[in-house]
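Novice: Dropping the sequence and predicted coords here.
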Amino acid sequence: MAILVQFAIGLVFGLGLIVSGMSNPAKVLNFLDIGGITAGTWDASLAFVMAGAVAVTFIGFKRVLKLARPFFAERFYVPTREDIDPKIIVGPAIFGVGWGLAGFCPGPALTALGFGSTSAFMFVGAMCAGMVLARFIARLPSSTGIVTPADPLET
């Protein structure tokens, strides 16, 4: 049952990306091109999509975290660390540079694969290679403090 719910959630997310135009990298790049404000080519629609997502997430987290436990798990896995370390700065910076260069982030890139987009295939390939590289680097003895997505969160 849980897998069907997760599939439905992913389907709704993908449809939302398509409807909002976020699977089109040109739309994202037009938003990131703030020089286009004076030229009249700037696309502010992504700001509204982001604001809507933040509002839904804010309300959803407030309600869900009041539950005794999640529907499909024994407990919530909520990070407890509050310090800011280099990974918190470097990771989003790499994400932002990739987003700005390609116009894709992981969700819309996977959605764009369904359209047969060559740039989406290239982006997803590079993204997968980056994930493999990150796991390799995390296993090096000199970087034992790096936590990969497969590692359990602190609770």
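Specialist: Looks like it arrived, so ask away. Numbering: from 1, shown residues only.
Novice: which intervals of the chain have sub-threshold pLDDT?
Specialist: 142-155 (pLDDT under 70).
Novice: Break it down into its domains, please.
Specialist: Domain assignment for the chain, taken from automatic domain parsing, gives 1-78, 82-155.
Novice: can you give me the end-to-end distance of the first one?
Specialist: Across its full length, domain 1-78 reaches 23 Å between end residues, using CA to CA, to the nearest Å.
Novice: quick one on the thing from earlier: same list (the domains of the chain) but as CSV, adding mean neighbour count.
Specialist: Where you see a C-beta, it was placed from the backbone N, CA and C, and this is true even at glycine. Output for the domains of the chain, formatted as CSV (neighbours: other CB atoms under 10 Å):
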stretch, mean neighbour count
domain 1-78, 12
domain 82-155, 13
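Novice: how close does the closest residue to L29 other than its chain neighbours get to I84?
Specialist: Leaving aside its sequence neighbours, L29 sits nearest to G103 (CB to CB, 6 or more residues apart in numbering; 4.4 Å). For G103, the distance to I84 (CB to CB, to the nearest Å) stands at 28 Å.
Novice: go on, A44?
Specialist: 30 Å.
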